[in-house]
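[1] Need a 3D model of the following:
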Amino acid sequence: MAVRSIIVAPDPRLKLRSAPVERVDGRIRRLMDDLLETMYEAPGIGLSAVQIGIPERVIVVDVAREGEARAPLRLANPEVLWQADEIATREEGCLSLPDQYAEVSRPAKARVRYLDHEGRWREIAVEGILAQCLQHEIDHLEGRLFVDYLSTVRRNIILRKLVKARRTGSLKSA
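    So this is what the prediction gives:
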């Protein structure tokens with residue numbers, strides 16, 4: 001496993017639509033493991049392959065709280081099969097938009113289908129923070145960031161802050 005560099009917005013690679021994974025093989029399992037190690041090191045609760053410059057439909061999440069045992073999920077080709085009409089609003093951040101947070105509204109519950117670490121199809125019903133996190137990471141696979149749900153003014157303020165931080169050297173870029 002290796003810690004990889006995380007791409008920071010407004011890098012255009014974050015807007016790429018990720019390609020499906022043909023099968024979960026050793027390369028994809030290593031990618032999943034690298035994503036987890038990178039996410040834990042950052043630290044974060046979710047990370048997509050596109051955020052490390054690999055536009056493939058692979059994500060990892062772990063919403064275990066501090067002090068709880070880790071509970072990682074490794075997902076290839078995740079797809080939302082169903083979303084509740086009920087909406088939940090939570091503060092979101094993103095490892096590709098460091099130190100930037102905003103309230104985002106998403107369906108409160110969802111059902112997601114994916115290939116697991118061993119290449120088996122699974123379905124999971126999610127709610128709460130796990131639903132929010134999975135939808136956030138699946139958005140990355142479509143080239144969407146949480147700031148895309150904000151007003152144009154709010155989104156531009158956040159992106160300008162990141163550009164300025166990169167220019168002043170207070171933010172590293174992959």
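[2] Give me the next element, helix or strand, following whichever strand or helix holds Glu123.
    Glu123 is part of strand 121-127, with elements assigned from DSSP states H and E. Stepping forward along the backbone from strand 121-127, the first helix or strand reached (DSSP H and E) is helix 128-141.
[3] residues near Ala49, how many?
    The criterion is other Cβ atoms under 10 Å. On that basis, Ala49 has 26 neighbouring residues. All C-beta atoms are positioned from the backbone trio N, CA, C, and that covers glycine.
[4] if I look at it, how far off is Ile158?
    When Cβ to Cβ, to the nearest Å is applied, the distance between Ala49 and Ile158 equals 23 Å.
[5] Ok, Trp82 next?
    In terms of Cβ to Cβ, Trp82 sits 31 Å off from Ile158.
[6] Tell me which of the two has more neighbours.
    For Trp82 versus Ile158, neighbours defined as other Cβ under 10 Å are more numerous around Ile158 (21 against 12).
[7] for the residue nearest to that one when sequence neighbours are not counted, what are its contacts?
    Excluding the flanking residues, the one nearest Ile158 by Cβ to Cβ, 6 or more residues apart in numbering is Gln100, at 4.7 Å. Contacts of Gln100 were listed using Cβ atoms under 8 Å, 6 or more residues apart in numbering, and they are 93-94, 147, 158, 161-162.
[8] which of the residues you listed tops the neighbour count?
    Neighbour counts for those, by other Cβ under 10 Å, peak at Cys94, which reaches 26 neighbours.
[9] Show me what the helix or strand where Pro78 lies pairs with in its sheet, parallel or antiparallel.
    Assigned by DSSP H and E, Pro78 belongs to strand 73-83. With DSSP bridges as the criterion, the sheet partners recorded for strand 73-83 are strand 58-61 (antiparallel), strand 109-115 (antiparallel).
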